[in-house]
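# Could you look at this predicted model? Sequence included:
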Amino acid sequence: MRKKIYINNNFYKLNQFLKIKKYINIILLLDDNVKKFCLNILYKYLSNNIKNKIILFEIKSGENNKNLNTCINIWKKLIKLKINKDSLIINFGGGVITDLGGFISSLYKRGINFINIPTTLLSMIDASIGGKNGINFYKLKNEIGIIKNPISIFINYKLLLSLPKKEITSGLGEILKYGLIYNKKLWNRIINKNIDNINWKFIIYKSIKIKLSIVKKDPYELLGYRKILNFGHTIGHAIESLFLYNKYPITHGEAIMLGMICESWISKYKGYLNNNEYKKILNGILKYIEIKKINEIFFKYILNTIENDKKNFNNKIYFVLLKKIGKSIYNIEIKKKIIIDSIKVLNNIKKII
Ligand SMILES: NC(=O)c1ccc[n+]([C@@H]2O[C@H](COP(=O)([O-])OP(=O)(O)OC[C@H]3O[C@@H](n4cnc5c(N)ncnc54)[C@H](O)[C@@H]3O)[C@@H](O)[C@H]2O)c1
């Protein structure tokens, strides 16, 4: 594990870090829920001298605030307050805050120091790690973004105590993905455990280690290997976008689990994955989520969204698929009809188990 990522049940290391660095101002970007549930815990560990330097930038919670308007408002505020490179931005929150805050920090004055303090399981094991920052644009997920790493990441897994169950499940979606693409042991560990008996410190450590070993081989996604992290995301992102402006949006992890079911089915259909492994994957995921049916009138929207996927080239749609649990392959071209068939399978899931 890189030294700059700390996993603890407190914030002593963070206080030490801020004491040494002596930033002039500290901008703490957070949303309303994080302010309500996590700010006191953070402040308990910070010295008065550091607390006095903190300026809170609060935004409304929710994926639909990860947009350009929010960035513009924050950049204007930073300019009005004359925030310079001698200051620090802390992204304190879930993946929405770390994606958005990393993007804002990376572009402001061509880059200002930032650190991440993830507060959801998903941001602890995924969104705050690996340097991808971005915003949704033109109704497309993460369409505009930049790759830049924070100078440090401080994880306090005690913050998970206030996290709603559906958000824990959302994080588990990405952990299951790590298991499916890279590490069968991790998959088995989650599938065979009761959620209340999970050793979070260990699982967070293990998940980050897997993500970093994949990212290290292809940090800017130039070789292609990093794409395996997108398993379940080609269809999952399209489903997430579909529900983004819905009265009842689904979580990122839930959308990715639905995507993983479709993409595992495609893996089976193309002959890469055997039926036994497919059933294990399906039953494993169904332990955590209920199937959301996708009305046929949205199939065109889903295909349009997938046609904008960042993994495409030469006007062809490429997928990450599975050979077995723990082994993935990437850059596999898939025709539109098969994508639609996989969503139809999702809609009929009860019949095929
Ligand atoms: N950059 C990457 O590599 C990467 C990877 C995966 C996902 N993402 C992005 O992450 C985002 C999803 O992240 P998320 O699932 O963390 O969503 P989120 O940031 O919206 O957080 C989920 C909800 O939990 C609340 N919350 C946060 N911490 C809390 C706590 N400790 N206690 C109580 N409530 C708390 C938030 O206010 C929000 O309502 C998506 O935008 C996705 O695209 C990015």
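Received it, and whenever you're ready, just let me know what you need.
# how about the strands in the stretch 151-300 of the chain?
Ranges of strands in the stretch 151-300 of the chain, per DSSP state E, counting those that start in this stretch, are 152-156.
# Can you name the residues of it that neighbour the ligand?
159, 162, 163, 167, 170, 251, 252 (C-beta under 6 Å from any ligand atom). C-beta coordinates here come from the backbone N, C-alpha and C atoms, glycine included.
# And the fourth one, how close does it get to residue 341?
Looking back up the chat, that one is residue 167. 31 Å (C-beta to C-beta, to the nearest Å).
# Shouldn't residue 145 be within a strand?
Yes - under DSSP: H, G, I helix; E, B strand; the rest coil, residue 145 falls within a strand.
# Quick check, pLDDT for the closest residue to residue 285 other than its chain neighbours.
Computed as C-beta to C-beta, 6 or more residues apart in numbering, the closest residue to residue 285 that is not its neighbour in sequence is residue 257, at 5.0 Å. The score at residue 257 is 97. That number is its pLDDT.
# So for stretch 323-343, what gets flagged as buried?
For stretch 323-343, the buried set under the neighbour-count rule, 16 or more other C-beta atoms under 10 Å, comprises 324-330, 332, 334, 339-340, 342-343.
# Out of these, which two are the most distant from each other?
326 and 340 (28.3 Å; C-beta to C-beta).
# Spatially central, which residue of this structure would that be?
residue 127 (3.8 Å; C-alpha atoms, centre = their mean).
# The buried residues of stretch 323-343 into a markdown table, with extra columns for secondary structure, pLDDT and distance to the ligand?
Formatted as a markdown table, the buried residues of stretch 323-343 follow (DSSP: H, G, I helix; E, B strand; the rest coil; pLDDT from 0 to 100; distance: C-beta to the nearest ligand atom, whole Å):
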| residue | secondary structure | pLDDT | distance to the ligand |
| --- | --- | --- | --- |
| 324 | strand | 98 | 24 |
| 325 | coil | 98 | 21 |
| 326 | coil | 98 | 20 |
| 327 | strand | 98 | 22 |
| 328 | strand | 98 | 17 |
| 329 | strand | 97 | 21 |
| 330 | strand | 96 | 17 |
| 332 | strand | 96 | 22 |
| 334 | coil | 97 | 22 |
| 339 | helix | 97 | 21 |
| 340 | helix | 97 | 24 |
| 342 | helix | 98 | 21 |
| 343 | helix | 97 | 20 |
